[in-house]
Each structure stands twice: as C-alpha cells, then as structure tokens.
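I need the structure of the sequence given here:
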Amino acid sequence: MNILQINSSARPFANGKGSYSTRIANELVQGLVASNPGSTVTVRDLGLAPHPVLDGAALQALHTPAEHRTPEQSARVALDDQLISELMAADAVVLGVPMYNFGIPSQLKNWIDAIARAGATFRYTEKGPQGLVTGKTVYVVLASGGKHRGQPTDNVAPYLQVTLGFLGMTDIRFVYVEGVAMGPDAEASAIAAAQAEIVRLLKAA
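Down below sits the predicted model:
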C-alpha cells in the first residue's frame, strides 16, 4: 500500500505535543502500516513547507504550453506536478485538517488548488465533470477546539466531501478530534474517541 499523508496544521507536532490533527493522523498512518506490512509512506507537511499560492503568475504558467514556458514557469508548474504525482500514486490518503475560523487552513487550500487540474485529476465530458482520482481511500482527521460535527458551523467536512468527490475520491472516512479547547477532560475524551474510531476504521477496512 502506498500511503500519502498530508499535514496542514500551522502548529508543529513534536514530543507528543502540538497539532492534534497531525498527532492523530500520525497514529492513523501507523495503524495502516501495521495492517499492511511493507507499505510506503510519503509525508507532506504543509505547515513546515507551504505550497505556493495559486496566483496570477501560477495561472499564466499553467495555461502556457510547456514548450513556451520560461524556466521560472516550468519550475512553478513542476511543483504542482509533483503533488499530483504523489496523489495519483497513493492507495490511501490521510489528511490532517485543523479547523481554522470554520474553514480549512490556507496551506491545505493551496494543496487542493495545486491538485485540482483539468485534464489531470478531472475532466469535462458531455455529461459533466468526471473525477480521475479514483480507487483511493481518504481518511480525514478533523481537529477543532469546539464541537461542530453535524452542525451548521461545520464547513470543513462538507467542503472536503464535495471537493475531493469532484476529483473522484468518494470513499472518505472522517475521524473527529473535537472539543480539544474545552478543558483537560474534554481534550482527553476527544483524543480517546479519535483513537477508538481509528481502531474501528482499521478493523472495517
């Protein structure tokens, strides 16, 4: 199994402290590897190494035929190409996603903007758009200080379901780490619930 782990928290995680989404994503990946000996893991930490934003220069580079691109444009497109190659090679994708102001981190949005490319990860047909990133299981570790699951304030899960589904990734499994800012007991309960959900998902896989 080829596993792609995308961490998008701006907070680092080290020595058992820091980002909750990265911590639980790490544990999920460890469980996947234990269940699938010989697996390979590729980790992209977008907090430590942010991907460049999709700006006017990047759009111009993407829409310039390859043979006419400047060296700078070719280098910019190559950055996105690498992310797409990693995604297409993966059997399982693990996203560590903290909720920031009721949305996803800008770091993750930049990754999504990079991988969502017509002709590469989706295409338009006479019957409408068709996702080309198929046959993958996506695990989303969604961390939040409050509790938003199933509430109007949860904009993250619906957004990711629509966006990833548009690209062909429809097998999406969420692991919530919610309420971590609501006191020590709530934090401990959130982590324990997330760990229990990981066990359940791995048994069902």
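
Would you agree residue 131 is in contact with residue 171?
No: using Cβ atoms under 8 Å, residue 131 is not in contact with residue 171; the gap is 11.8 Å. No exception for glycine: its C-beta is placed from N, CA and C like everyone else's.

And the contacts of the helix or strand bottoming out on mean pLDDT in the chain?
Here the helix or strand of the chain ranked lowest by mean pLDDT, DSSP states H and E is strand 13-14, holding a mean of 79. With contact meaning Cβ atoms under 8 Å, 6 or more residues apart in numbering, strand 13-14 is reached by 7, 19, 22-23, 26.

who wins for most neighbours among those?
residue 7 (28 neighbours; other Cβ atoms under 10 Å).

so what's that one bridging to?
residue 45, residue 96 (DSSP bridges).

OK, contacts around it?
Counting by Cβ under 8 Å, 6+ apart, residue 7 has contacts 13, 19, 21-22, 25, 43-47, 96.

Highest neighbour count among those?
residue 96 (33 neighbours).

ok, the contacts of strand 13-14 vs residue 69, which is closest?
residue 7 (30.4 Å; Cβ to Cβ).

so how far is residue 37 from that closest one?
To residue 37, residue 7 is 24 Å away according to Cβ to Cβ, to the nearest Å.

isn't residue 31 right up against residue 203?
No: counting by Cβ under 8 Å, residue 31 stays clear of residue 203, with 9.9 Å between them.

Turn the contacts of residue 7 into TSV, including distance to residue 159.
Below are those laid out as TSV (distance: Cβ to Cβ, whole Å):
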residue	distance to residue 159
13	23
19	20
21	15
22	20
25	18
43	23
44	19
45	21
46	17
47	19
96	16
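
still on that earlier bit, among the contacts of strand 13-14, which lie within helices?
22-23, 26 (DSSP state H).

hang on, isn't residue 144 packed against residue 182?
No: using Cβ under 8 Å, residue 144 makes no contact with residue 182, being 10.1 Å away.

Next, the contact list for the residue nearest to the spatial centre of the chain, please.
Central residue of the chain (Cα atoms, centre = their mean): residue 95, 3.4 Å from the mean position. Counting by Cβ under 8 Å, 6+ apart, residue 95 touches 6, 8, 25, 108, 138-141, 160.

Right, I'll leave it there.
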